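J.: predicted model and sequence follow; I will ask about them next.
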Amino acid sequence: MKPVAIIGAGPAGLACAQHLVAGGRRVVLVDDNDRPGGQYFRQLPDSFRLRNDALMRDQRRAESLLATIKHPLVEWRPGTTAWMAPEPCTIAFAGENGSGRVVADAIVVATGAHDRPLPLEGWTLPGVMSAGGALNLAKGQGLVPEGRVVVIGNGPLLLVVAATLAAGGANVTDVIEAASARRALPALPGLAWSPKLLAKGLGYLMRLRRGGVRLRSGWMASRVLGDRHVSGVQINRIGVDGRAVGHPLDIEADAVVLGYGLQPSTELTRHLGCLHHFDRRLGGWIPERGENLETSVFGVFAAGDCAGIGGVELALAEGTLVAQQILAEHPRSSAESTFAGGDRVGQKPASASLGMRRRLRHLNRFRNALNVAYALPRPLRPAGPEVIVCRCEEITLSTLEDAAKCAGDDLSAIKGATRLGMGRCQGRNCLSACADLLGSDELPLDLPRARPPLRPIPIRWLLEEPLGPPHPPDEAELFDVEAPPPQQQ
């Protein structure tokens, strides 16, 4: 029997692998990090030791999950990039330990999410970092910014980042949330669907208040201040069009952490040909899935934040549900059914534990309520014409708007005209923001097709790639062409 290929060793991928090997299935687990755990269960180096009172002790929940990579049925490939899907149910991978292909019975995409950037004046200054980047440094290296730290943005991740940095010794002075606190009141009944998560969020809030952190809501960052380094951040009230209005307020800072939510990592699902739809509440473009989390492509499942931002508990539950689906279903041909915007026509979904489905329903209700609490009436638009929106290629918003006058709503054409998203990040840090800036409030521009390699890889990683059978040289067709007469001297 072929193995199951799982791309991503975060909470969703590890939970899926753990249940699959318990059911006797072989697993190939691929992750571009050197250690498993993903962003949430990111591990400190072996030489580090956690204090008993450290906020990051939550990682100890992951001990059984992290041990999954040592199971004899698991082929663990750390530091490895899944860079292409050359054939159905086939993943091409490459890394320091070699390259190759895995032909699988099923592919589970559990690639997680990454920061959603919000370009604004000064965001390229030294001393500005993303919320996810700051969290990863704290969890993965025990590093926090020096001096006065201002955390600003939108969404529940702000409290997590601020509390983690403060617990690590950072001087967090301000946390500034764009959503109005009044809008959170209607969401309170829905938040009760997960009392533990609600209590956890309130715990973050109380720690910050006890630490003297100033908390503001209904403000946005309009400009990062400084010349060669951050000296502060300018904030404004938010207008009905998502732009800054009113008199600005300057806050002194030595480091600014920008966190305007997360966006699903969909490069692989888009490359695999899965259907996607846009849902701003869940982070943007997400793959369409049936009841058992299978995408529109036969044998391809998506679990965790890559299919909609939902947090660690939802990722663990979805990874478990996907494993139950794979273990329960019988071999079948892709021709037996077609996807019709939901479950496959004529097929009953494979059985899964009623307890897991009930837990998923409760977590989804909590997620929906959280989205209501942090929802903004309009997308924020702090970027001016000369603000750099594509950092790799140093492309300004005015350049993109000029290209859009000729290319229209085709982001692929705009990309070809400006080199947008052609730098090292391959568009992960700019395409979604630019699609928002050039699109409407309701719907951004469609993202371009994801092409291989999905992430930059050194050519030396591909030295073991099979070259295939040799081909004879191309045969040139010879034509009898009358030679021109010699020129007269």
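T.: Sure thing, it's come through. Numbers count the residues shown, from 1 in each chain.
J.: same question for the lowest-mean-pLDDT helix or strand in the chain: list its buried residues.
T.: Ranked by mean pLDDT, DSSP states H and E, the weakest helix or strand in the chain is helix 188-191, scoring a mean of 83. Counting neighbours by 16 or more other CB atoms under 10 Å, one finds that the buried residues in helix 188-191 are 190-191. All C-beta atoms are positioned from the backbone trio N, CA, C, and that covers glycine.
J.: tell me which stretches of this structure form helices.
T.: Listed in chain order, the helices found in the chain under DSSP state H are 11-22, 63-66, 131-141, 157-167, 188-191, 195-210, 267-271, 312-328, 354-374, 397-407, 411-418, 431-438.
J.: residue nearest the middle of the chain, spatially speaking?
T.: Ala113 (1.7 Å; CA atoms, centre = their mean).
J.: right, and that residue touches Ile309 too?
T.: Yes - Ala113 lies in contact with Ile309 (CB atoms under 8 Å); the separation is 5.8 Å.
J.: which residues are in contact with each of the two?
T.: 262-264, 283 (CB atoms under 8 Å, 6 or more residues apart in numbering).
J.: before we move on, back to that, which one of the helices of the chain is the most hemmed in?
T.: helix 11-22 (a mean of 26; mean count of other CB atoms under 10 Å).
J.: that one versus helix 312-328: what angle between them?
T.: Calculated by axes from the mean of the first three to the mean of the last three CA atoms, to 10 degrees, helix 11-22 forms an angle of 30 degrees with helix 312-328.
J.: which other helices and strands contact helix 11-22?
T.: strand 4-7, strand 27-30, helix 63-66, helix 312-328 (3 or more CB pairs under 8 Å, 6 or more residues apart in numbering; DSSP states H and E).
J.: try 10 Å this time
T.: Packing contacts for helix 11-22, counted by 3 or more CB pairs under 10 Å, 6 or more residues apart in numbering; DSSP states H and E, involve strand 4-7, strand 27-30, helix 63-66, strand 74-77, strand 106-109, strand 300-302, helix 312-328.
J.: show me what the third one is packed up against.
T.: Packed against helix 63-66, as judged by 3+ CB pairs under 10 Å, 6+ apart, are the following elements: helix 11-22.
J.: and the helix it packs on, how far from the chain's centre?
T.: 20 Å (CA atoms, centre = their mean, to the nearest Å).
J.: extract the CA atoms of that helix and return them as PDB.
T.: This file holds the C-alpha atoms of helix 11-22, laid out as PDB (Å, rounded to 0.1, in the frame of the first residue of the first chain):
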ATOM      1  CA  PRO A  11      -0.300  20.800  14.800                       C
ATOM      2  CA  ALA A  12      -2.600  19.600  11.900                       C
ATOM      3  CA  GLY A  13       0.100  17.500  10.200                       C
ATOM      4  CA  LEU A  14       1.400  15.900  13.300                       C
ATOM      5  CA  ALA A  15      -2.100  15.100  14.600                       C
ATOM      6  CA  CYS A  16      -2.900  13.500  11.200                       C
ATOM      7  CA  ALA A  17       0.300  11.500  11.200                       C
ATOM      8  CA  GLN A  18      -0.200  10.400  14.800                       C
ATOM      9  CA  HIS A  19      -3.600   8.900  14.100                       C
ATOM     10  CA  LEU A  20      -2.600   7.400  10.700                       C
ATOM     11  CA  VAL A  21       0.300   5.400  12.200                       C
ATOM     12  CA  ALA A  22      -1.900   4.300  15.100                       C
END
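J.: tell me the domain ranges of this structure?
T.: 4-114+263-351, 117-260, 384-464 (automatic domain parsing).
J.: export those as a markdown table, with columns for distance to Leu360.
T.: Converted to a markdown table, the domains of the chain look like this (distance: least, CB to CB, whole Å):
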| stretch | distance to Leu360 |
| --- | --- |
| domain 4-114+263-351 | 5 |
| domain 117-260 | 11 |
| domain 384-464 | 26 |
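J.: those: which one's closest to Ala369?
T.: domain 117-260 (2.6 Å; CB to CB).
J.: start and end of that closest one, how far apart?
T.: With CA to CA, to the nearest Å applied, domain 117-260 spans 7 Å between its terminal residues.
J.: for the shared contacts of Ala113 and Ile309, work out which two are farthest apart.
T.: Leu262 and Pro264 (7.7 Å).
J.: these two - which one has more neighbours?
T.: Using other CB atoms under 10 Å, the more surrounded residue of Leu262 and Pro264 is Pro264, with 29 against 23.
J.: and the more buried one, what are its bridge partners?
T.: Taking DSSP bridges, one obtains Ala113 as the residues bridged to Pro264.
J.: that one reaches Pro287, doesn't it?
T.: Yes - using CB atoms under 10 Å, Pro264 is in contact with Pro287, at 8.2 Å.
J.: which residues do the two both contact?
T.: Taking CB atoms under 10 Å, 6 or more residues apart in numbering as the contact rule, the neighbours common to Pro264 and Pro287 are 109, 276, 302, 306-308.
J.: buried subset of these?
T.: Of those, these count as buried by 16+ other CB under 10 Å: 109, 276, 302, 306-308.
J.: can you list those residues in a markdown table and add distance to Ser432 and pLDDT?
T.: Shown next, in a markdown table, are those (distance: CB to CB, whole Å; pLDDT from 0 to 100):
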| residue | distance to Ser432 | pLDDT |
| --- | --- | --- |
| Val109 | 18 | 98 |
| His276 | 12 | 96 |
| Ala302 | 17 | 98 |
| Cys306 | 14 | 97 |
| Ala307 | 16 | 97 |
| Gly308 | 14 | 96 |
